[in-house]
Each structure stands twice: as C-alpha cells, then as structure tokens.
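J.: got a predicted model here, sequence first, then my questions.
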Amino acid sequence: MAHDYRPTDVSRRSLLRGAAGGLFGAALLGSTPLLTACGSGSGSGGNAKELVFWNFYGPNPDGNAQSKWFTDLVDKWNADNEVKIKLHYLPVSEYLGGTALQTAFSSGAGPDIFIISPGDFLRYYNGGVLTDLTPHLASGAQADFADGVLDTRTVDGKVYGLPMEIEPLAMYYSVDAYEKAGLSEADLPKTWDQLLDVGRKLTSDKRFGVLFETAPGYYQNFTWYPFMWMGGAAAVGADGKSGFDNDAVHKALGLWQSAVKNGISPKKPQGDGAGNAVANLASGFCAMQQTGIWSISQLETDAKDFKYGVFPLPTPTGGTYTTDMGGWAFCANAKGANPEAAAKFITWALGSTDADGVERMRQWNTVVKTNVPSRKSVKEAATKAGAFEKPALKTFMEQVAPGGRAEPRYTPEVYKAISDAIQATMLGGAVPATAAAEASAKIDAFLSGYKGAPII
C-alpha cells in the first residue's frame, strides 16, 4: 500500500526555502497546502520540446574533461530525440554553497532537470517537485545499482533520483610535507589523538597541519558526519527522535574545535573550499586534507607532479571506522515543462544497461572523474580496464570504501541545527556539549510535528 508522506500543513514554497531562508521552523509553520501530489510523474508540466538542465559541470568555461562529458551526453541525446536538453552551468561554489536552486524552485521557476545530493533530497521530495523515475528504468536497471545506493533516493519503493557516482571521504597527505617534518607512512594517524599530534608536527608558519571544511553548508555537514558516526551517534535515531545530545557528538565537535583552536587547522580554506585538493594540499597550504575520491582526478589533471598519499579517516579511541559515501543524482522536476521526457533522459543517461550506457558511466567514474561506480556493471567494466590499480584508487577501494555508509537524508531543519552546532563550536568557541544540547532540542521540536518522507 502506498503511503502519502507529504506534510499537509506546509507550503511547497516554505519547504523549498527551508533552512536556506534562515527560518528553522519554516516547514513546520507554513499554512498554505501543498500544491499537488509529488512523485506522480504528471505534475503540472506539459510537453515542451526543450528542457533546461542545471548542473555544476558543464559547459564549464574551462572546458575540462568533466564538462565535455556533460556536453557530449546532451549532444548524443539531442541528436536522437525530439525533446532537446539545454545545459545551464553554475559554478560549483554557487551551486553547492549558494541558494540559486532553492530560490528558483521557491519562485516556481525551477529547472526541468537538476542534480542533488542525499543531504538535500527531502527538501525537494517533501516540496512535491520530484518525478518518479521508476516507470522509465529499463528491466534490470535497479538491480544493477550497488546495494543500498538507491535507498536515500527512494520513497515507498519509487526512485526519485538516479545516482551518477559514489564519493567516499578520506584523508590525503603531502609526501613532501611529511618528509620535511621527518615523518613517513609509519606515522600516518590512525586515531584522533594521533591526527592532532601529527598535525602539530606538520604545522609551520607557512602551512597548516590538517584541513577540514569551515564554511557552513551541506558539504561541511557531509564531511563532519563520519566523526559523529565513529562514536556510535546519529543525529536522528531509529526511534525518530534526536540522538544529537550524545557524548560521541560532543567529542566529534570537540575534535574540529581543537584543530582550529590550536592553529593546526585554518579558519578558512583556499580556493572554492576544502573539497579542492589542488588549491589547498598541492599548493602547500596544508599538509593533510579531508576530501573525497574526486580529488584524485583533480590532482591528476591540475597538479600532475604533486606527490601525495591517501589513508582512511582516523577513529576515536574505542570507536569504529566509518566514512561518508556521498554522490550526486539526477532528478526531474515534477512541475517542469515536460517531466516525462526529463525522466526518460535521466534514466537513459545514468541507467542504460546496454554496452554504450555502461561505457558512458565507466568513462564518468574512472576516466574523466574518479569515483566508486554506483552500478555493478560499471564497476566490473572499470575493474577489467585496470582503473582501480592506481595506488590512490586502490586505497579507496580496499581500505576506505568498505567502511562507508550512505550520506543521510535529513530535512533542511535538521541539517541547519547540525550546521549551527558545528559552526558555533569550530569557529565560535561554544562548548560542544552546550551546542549539541541546543541543536538536539531544535531537532526534537521539529521532529515532533514532522510528517514528511522517512528520514534515513
């Protein structure tokens, strides 16, 4: 039996605005009824012959390989289909750190096709603007996706976002910085205490020891979650209540706070953020950096001579190693110009099970970019091609990814409470236990009236 998870007492506009508008309780306090049922695939869209696809890859003015993959993808589709796709590029800092996408949807002008992470899935699902992609998936396509990878994009058995990749997090280090500090691979930190200790040894007047993301946003939360999980905590428990006021959370907040307070970590990364290894690690700004698998291709392209290594995120004493398995997904706007055509494009682009479809995704995941493939057939093809024999990718596949768990899908309100706690402790000097308790109270207040899709 299908379930209607859509809140009846919220407005679509306030849901989509959510935390981006600074209103913690916006989704709870709205009074305008939701416009239409979400996920039906019918929406209020029509049969337009041109669809707009917002993304942060192409056409990039730099004309890099990832941009070309996107433009080639669209050119291939447009050559064979009556409904055409038009790419609309936004810089990564604007797409990830700005509010352009939320603002477009809240004003009723959202793109026909767009990319979101699990962390922001519920904003759009609960807002009623995601199209059910399931009817357009080829036979066997769902089974080809890696176990669990569709879960955070699925509600009541229906798939609302198709993942293009899996992006686990790890620590990268500069071989040169280690050598100059008299350190070697034997000194790679395995615990949080060791991370801070080695970070101190690597810190100089010209270089920070370790870099974490400091800018508030979904990316910062995404990179912080593993430290919370390692101690056994979760922001939302299985009982549907906050689990944030927890000793493991206090310690995770305290770790990042200590790194900044003691001058081991900077208060602001270089370039477009802590996900950019070229601007931070390769430039000599830091000696260690928490970033994702995508940084391998960044370094191969823009810092070819830079020598680096990768190791799993350190764990707290008594904790269990965990990393966050992120990744972006294509979604179709249920209120768009032609939701059915948008869904067909997405399932063709990322879900085709023929040889061309598998090769297209192999190219994306292991040639023009570095990811863990989200599909079994693609991973198999990449393995046969020797993609995972590269040292850094081998480390990710054998040591980093096996301890991963899916990026959680929290509502904007839960996300914002966590973000505020990270910011208050990391940069504001707040006591971790106090910040966690305040965030937990906000989360519980929100959850007590929440009626949207399951938070997982």
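T.: Yep, it's here. Numbering: from 1, shown residues only.

J.: is it true that residue 280 touches residue 286?
T.: Yes - in this structure, residue 280 sits in contact with residue 286. The criterion is CB atoms under 8 Å, and the distance is 5.3 Å. Where you see a C-beta, it was placed from the backbone N, CA and C, and this is true even at glycine.

J.: what's the overlap in contacts for those two?
T.: When contacts are counted by CB atoms under 8 Å, 6 or more residues apart in numbering, residue 280 and residue 286 are jointly contacted by residue 211.

J.: who has more neighbours, these two?
T.: Of the pair residue 280 and residue 286, residue 286 is the one with more neighbours under other CB atoms under 10 Å, namely 30 against 24.

J.: show me the beta-bridge partners of the more buried one.
T.: Beta-bridge partners of residue 286, counted by DSSP bridges, are residue 208.

J.: looks like it contacts residue 271 (just checking).
T.: No - using CB under 8 Å, residue 286 is not in contact with residue 271; the gap is 11.6 Å.

J.: where do the contact lists of these two overlap?
T.: Where contact means CB under 8 Å, 6+ apart, the residues bridging residue 286 and residue 271 through contact with each are residue 280.

J.: for residue 415, give me its contacts.
T.: Neighbouring residues of residue 415 by CB under 8 Å, 6+ apart: 19, 119-120, 218, 221.

J.: that one falls within a strand, correct?
T.: No - according to DSSP: H, G, I helix; E, B strand; the rest coil, the state of residue 415 is helix, so it is not within a strand.

J.: on that earlier part again, for the contacts of residue 415, which one is nearest residue 405?
T.: Here the nearest of those to residue 405, counting by CB to CB, is residue 119; it sits at 13.3 Å.

J.: got the phi and psi for the nearest residue to that closest one once chain neighbours are set aside?
T.: Sequence neighbours aside, residue 218 is the residue nearest to residue 119 in space, at 4.5 Å (criterion: CB to CB, 6 or more residues apart in numbering). For residue 218, the backbone dihedrals are phi -60, psi -30 (criterion: degrees, to the nearest 10).

J.: ok, now residue 289?
T.: For residue 289, the backbone dihedrals (degrees, to the nearest 10) come out as phi -150, psi 130.

J.: residue 236 too?
T.: Recorded main-chain torsions at residue 236 are phi -130, psi 120, according to degrees, to the nearest 10.

J.: what's the burial count for it?
T.: For residue 236, the tally of surrounding residues (other CB under 10 Å) stands at 23.

J.: same deal with residue 387?
T.: Counted by other CB under 10 Å, the residues lying close to residue 387 total 19.

J.: ok, now which ones touch it?
T.: With contacts defined as CB under 8 Å, 6+ apart, residue 387 is in contact with 362, 366-367, 393.

J.: can you check residue 300 too?
T.: By CB under 8 Å, 6+ apart, the residues touching residue 300 are residue 370.

J.: is it within a helix or a strand, and which one?
T.: Element membership for residue 300, per DSSP states H and E: helix 295-302.

J.: what about the strands in the chain?
T.: Counting by DSSP state E, the chain has these strands, from start to end: 50-55, 84-89, 113-116, 154-155, 158-159, 162-163, 167-174, 208-211, 286-292, 308-311, 323-326, 329-332, 404-406.
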